[in-house]
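1. Next input, structure requested:
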Amino acid sequence: MPGSDVKIRPVEPEDWPDINEMLAQPRVISGTLQLPFRSLAFHRQRLEKNDPARPHLGAVIEGKLVGDIMLVQSTNERRSHAASFGMCVHDAYQGRGVGSALLSALLELTDRWLNIRRMELTVFADNARAIGLYEKHGFEREGFHRDFAFRDGAFVDALAMARLRPRT
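-> Residues are numbered from 1 along each chain as shown. Have a look, this model is predicted:
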């Protein structure tokens with residue numbers, strides 16, 4: 001079963017070498033807003049500054065951190081029910097259920113423990129694999145952003161997607 005060898009745990013500051021390697025991967029750079037050529041020190045300092053109240057989960061296979069997802073909850077009181085997230089998976093581990101395991105764990109946390117009703121995301125319009133993953137987890141397309149970001153010498157479009165937790 002895909003993803004059965006994936007373990008989910010909190011990301012720790014000591015994970016910075018694996019985070020640095022993951023964020024240097026060509027498909028990760030292409031699929032996120034990350035810049036290439038970030039130093040080890042940059043990622044180490046970023047992890048050390050992480051807000052402990054902001055859930056940051058990692059996917060581990062055979063002792064190696066191969067993916068991560070971080071929740072960003074709205075700080076506006078009137079949008080306290082909403083959050084977004086950033087996620088990436090090491091190029092060599094894509095297609096093995098890592099993204100699905102990370103997203104499932106985060107949605108369980110937001111639905112059952114944090115009372116988040118609305119999860120939002122932005123994804124590049126040409127990232128069919130990620131769009132399929134999000135749709136599999138209940139996200140729906142809500143809008144289109146033309147020339148959303150500059151990537152590899154050209155502007156790229158993005159989709160706005162969201163998932164509403166069913167009311168109980």
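2. Which residues are in contact with Pro55?
-> Residues in contact with Pro55 (C-beta atoms under 8 Å, 6 or more residues apart in numbering) are Pro10, Met70, Leu71, Leu106, Leu109, Leu114. Where you see a C-beta, it was placed from the backbone N, CA and C, and this is true even at glycine.
3. try 10 Å
-> Residues near Pro55 by C-beta atoms under 10 Å, 6 or more residues apart in numbering: 10-11, 69-73, 83, 85, 105-106, 109-110, 113-114.
4. Which ones among those residues map onto strands?
-> Those of those mapping onto strands are Pro10, Ile69, Met70, Leu71, Val72, Gln73, Ala83, Phe85, per DSSP state E.
5. For the second one, name its beta-bridge partners.
-> It stands for Ile69. With DSSP bridges as the criterion, Ile69 is bridged to Leu57, Met87.
6. any idea how far it is from Pro55?
-> 8 Å (C-beta to C-beta, to the nearest Å).
7. Just the buried ones from the ones in strands among the contacts of Pro55?
-> Neighbour counting with 16 or more other C-beta atoms under 10 Å marks Ile69, Met70, Leu71, Gln73, Ala83, Phe85 as buried within these.
8. Sounds good, over and out.
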